[in-house]
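Q: generate coordinates for the sequence data below:
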Amino acid sequence: MDPISNQHISHQFNEELENLRNMVMSMGGLVEQQIERSIKALRKMDAAKAEKVVKTDHKVNLMEVNIDEECARILAIRQPAASDLRMVVTVIKTITDLERIGDEAEKIGRLAICLSEKDITFKAKYAGIKHLGNYVRQMVSDALNAFARLDPDACLQVLKDDEQADEEYQALMRHLITYMMEDPRTITEVLDVVWVARSLERIGDHAKNIAEYVIYMINGKDIRHIDIEEIEQDILS
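A: Numbering: from 1, shown residues only. Reported below is the predicted structural model:
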């Protein structure tokens, strides 16, 4: 094959990889929107807003399928190696976590509908839900930005943020258990809020997963199950 043809193919491949990155960012943007809308629907006990979150989940699923198909096509036709292969593998893993984040947002939307039907108002004692929701949504945003910028330091911060999210989740759970013990009449209501908190904690975990994939894409190192201190000293130094 002549040099001009090789250059053309290389240019096409780079465009395909850039398009793939853009598709991931678009999916991530929709997922962030789903998280934000579901929390707002819960706080306002707005069944209409919550229903919109539930109905939009199919768009997240469709984006995952489309990106997965594009990854399969690139692997079959381009047979990428080294960093390009790691990038495609990272995309495949990332969209799986994004789809699961979308599922958790949908769960929160369904719980908001359930609570609104019981004519329950979002009490001040549930304020921790709003804070945790904003925190994990920002983690997702930061992980996606790290993916876009290929920024290992930003990935490390997401890993650290996940530890803080876990602490906030545990503190919130203790508060919710206390409310149920003080007033058993609230048990059914508070249990629904507990499931919301659990979904938010899982969203944080998925954001952490994405950050780990990005570090693998950048450095070729699988950092799953490695302490943050070791990651910081041995991999990102």
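Q: list the buried residues for stretch 11-22?
A: The neighbour-count check on stretch 11-22 (16 or more other Cβ atoms under 10 Å) flags 16-17, 20 as buried. Every C-beta, even on glycine, is put in place using the N, C-alpha and C of the backbone.
Q: contacts for that stretch, please.
A: With Cβ atoms under 8 Å, 6 or more residues apart in numbering as the test, stretch 11-22 has contacts from 67, 70-71, 74, 78, 80, 84, 87-88, 91, 147-148.
Q: so where's the longest helix in the chain?
A: Longest helix in the chain, counting residues (DSSP state H): helix 3-44.
Q: how about the helix or strand just after that one, which residues are buried there?
A: On the C-terminal side of helix 3-44, the nearest following helix or strand under DSSP states H and E is helix 47-78. Burial within helix 47-78, assessed by neighbour count using 16+ other Cβ under 10 Å, is assigned to 47, 49-51, 53-54, 56-57, 60, 63-64, 67, 70-71, 74, 78.
Q: how about the next helix or strand after helix 47-78, which residues are buried there?
A: Where DSSP H and E defines the elements, the next helix or strand beyond helix 47-78 is helix 82-117. Across helix 82-117, burial judged by 16+ other Cβ under 10 Å covers 84, 86-113, 115-116.
Q: list the helices and strands helix 82-117 packs on?
A: Here helix 82-117 touches helix 3-44, helix 47-78, helix 127-149, helix 187-219, going by 3 or more Cβ pairs under 8 Å, 6 or more residues apart in numbering; DSSP states H and E.
Q: could I get these as JSON lines with distance to residue 163?
A: Output for the helices and strands packed on helix 82-117, formatted as JSON lines (distance: least, Cβ to Cβ, whole Å):
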{"stretch": "helix 3-44", "distance to residue 163": "20"}
{"stretch": "helix 47-78", "distance to residue 163": "27"}
{"stretch": "helix 127-149", "distance to residue 163": "11"}
{"stretch": "helix 187-219", "distance to residue 163": "9"}
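Q: just to revisit the earlier point, quick one: the longest helix of the chain to chain centroid distance?
A: Helix 3-44 sits 14 Å away from the centroid of its parent chain (Cα atoms, centre = their mean, to the nearest Å).
Q: going forward, count from 391.
A: Sure, I'll start numbering at 391, so the last one becomes helix 393-434.
Q: for residue 500, see how far away residue 582 is.
A: Separation of residue 582 from residue 500 (Cβ to Cβ, to the nearest Å) stands at 10 Å.
Q: brain fart, residue 563
A: Distance from residue 563 to residue 500, by Cβ to Cβ: 20 Å.
Q: same question for residue 544.
A: 32 Å.
Q: just residue 409 next, same as before
A: In terms of Cβ to Cβ, residue 409 sits 34 Å off from residue 500.
Q: same deal with residue 579?
A: Residue 579 sits 15 Å away from residue 500, taking Cβ to Cβ as the criterion.
Q: could you list the low-confidence segments of the protein?
A: 391-399, 509, 511-512, 514, 624-627 (pLDDT under 70).
Q: kindly recompute the last result at 90.
A: Counting by pLDDT under 90, the ranges of the chain that qualify are 391-401, 433-435, 504-517, 569, 573, 575-580, 611-627.
Q: and which of the buried residues of helix 437-468 is nearest to residue 589?
A: residue 443 (11.9 Å; Cβ to Cβ).
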